[in-house]
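Enquirer: Got a sequence here, can you model it:
(one chain, ligands or ions: 2)
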Amino acid sequence: MTPSRVPDQATPGNRLAARFLRISAIWLFVGVLLGTYMGVTHDHVDKQIHVHGNLLGWASCALFAAFHRLWPSASESMAGRLHFWLHNIGLLSLVAGLALVARGNATAAPLLGAGSLLLVAACAVFLDVVWRATGHAN
Ligand code: HEM
Ligand code: HEM
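Expert: Ligands and ions are numbered 1, 2, ... in the order given. Okay, the predicted model is just below:
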């Protein structure tokens with residue numbers, strides 16, 4: 001019997017793209033859930049989580065997934081995987097820090113700072129990954 005859904009070939013590029021896409025779909029779900037909650041209750045204390053979860057979680061991770069589908073060779077490098085972890089750990093720290101700071105917990109500021117630095121480091125690694133992957137096209 002023919003399976004109704006044929007999974008894509010499990011190449012390294014597809015695996016990293018799939019990971020990014022799955023995590024982006026989770027962020028979209030969390031983001032619209034929170035957006036709806038904010039709209040219904042008019043409680044916008046977690047607006048920054050909504051914004052950064054949707055933009056750095058859903059939009060950015062979906063773009064990273066598309067990038068890895070288009071340039072699968074980039075995913076075979078350590079840097080490709082490092083970028084995934086730096087971005088996601090950074091984003092989790094950022095939203096946790098934003099949530100705590102928004103509730104007046106000033107001691108959580110270092111968590112926010114650590115998340116920011118991890119995200120900046122992730123962007124630097126991504127810059128390197130993009131440059132290496134697209135260099136031959138110049
Ligand atoms: C069911 C879906 C969604 C609902 C109900 C929703 C609801 C909201 C609400 C209530 C605010 C706060 C507005 C304010 O405090 O002034 C907001 C802000 C925002 N949302 Fe959403 N949202 C949704 C989906 C999204 C998505 C998918 C994205 C991005 C991909 C997004 C991006 C933003 C941004 C950037 C802001 C900040 C805008 C600003 O302050 O100028 N939202 N949203
Ligand atoms: C290390 C990365 C980032 C950090 C630490 C950060 C931090 C912040 C903080 C603290 C605010 C609140 C400003 C305020 O309330 O006055 C803010 C607002 C905002 N950020 Fe970021 N951000 C980062 C990256 C990004 C990125 C990459 C995007 C878009 C792709 C983004 C989109 C926004 C938007 C749309 C707002 C305005 C939300 C509003 O209307 O309140 N941020 N960010």
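
Enquirer: Let's verify the residue found closest to Gly57 once you drop the neighbours it is linked to in the chain: helix, strand, or coil?
Expert: Once flanking residues are discounted, Gly57 sits nearest to Trp27: 2.7 Å by CB to CB, 6 or more residues apart in numbering. Every C-beta, even on glycine, is put in place using the N, C-alpha and C of the backbone. Under the three-state scheme (DSSP: H, G, I helix; E, B strand; the rest coil), Trp27 adopts helix.

Enquirer: Over to Val45?
Expert: Following three-state DSSP, the label given to Val45 is coil.

Enquirer: Identify the residues contacting Ala74.
Expert: By CB atoms under 8 Å, 6 or more residues apart in numbering, Ala74 lies in contact with 13, 67-68, 80, 129-130, 132-133.

Enquirer: ranking those by neighbours, who comes first?
Expert: Neighbour counts for these (other CB atoms under 10 Å) peak at His68, which has 27 neighbours.

Enquirer: mind checking pLDDT for the closest residue to ligand 1 within the chain?
Expert: Closest contact between the chain and ligand 1, by CB to the nearest ligand atom, is at Gly35 (2.5 Å). Among the per-residue scores, Gly35 holds a pLDDT of 97.

Enquirer: what's the closest non-adjacent residue to it?
Expert: His50 (5.3 Å).
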